[in-house]
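J.: sequence unavailable; structure follows:
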């Protein structure tokens, strides 16, 4: 989350896969390059307040889903200070999330302890 104060830069942590966008952004020759970021583009996650939601993720892709779960939990409990209480972002008692996660192996699994605790 960005601070509400005006800022002309943000800090990003991007895993280097030595290819594609991550390779370009982690290339030392691009250390002081400037990039224009646009978005959001396309459809959002469109999380409904009730019903079954199914998500598939693997590897580092689990991190945005964990952020979403934390956001929904804190908002529903009224603990999300960035959103406030009674904003309509809370999920109802009929909300369910079924999350399918794939990791190469247990040693490389990200947030496995949290994921298993949610089961």
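T.: Cool, got the structure. All figures in this text were calculated on a predicted structure; none of them were measured in a lab. Numbering: from 1, shown residues only.
J.: so which bits of stretch 15-23 are buried?
T.: Residues of stretch 15-23 classed as buried by neighbour count (16 or more other Cβ atoms under 10 Å): none. Every C-beta, even on glycine, is put in place using the N, C-alpha and C of the backbone.
J.: mean confidence score for that stretch?
T.: Averaging pLDDT along stretch 15-23 gives 82.
J.: straight-line length of that stretch, end to end?
T.: 9 Å (Cα to Cα, to the nearest Å).
J.: and that stretch, how far from the chain's centre?
T.: 19 Å (Cα atoms, centre = their mean, to the nearest Å).
J.: can you check stretch 92-101 too?
T.: In this view, stretch 92-101 has its centroid 16 Å away from the chain centroid, taken as Cα atoms, centre = their mean.
J.: please apply the same query to stretch 105-119.
T.: In this view, stretch 105-119 has its centroid 16 Å away from the chain centroid, taken as Cα atoms, centre = their mean.
J.: residue 54 touches residue 65, doesn't it?
T.: No. Applying Cβ atoms under 8 Å, one finds residue 54 not in contact with residue 65, separated by 11.3 Å.
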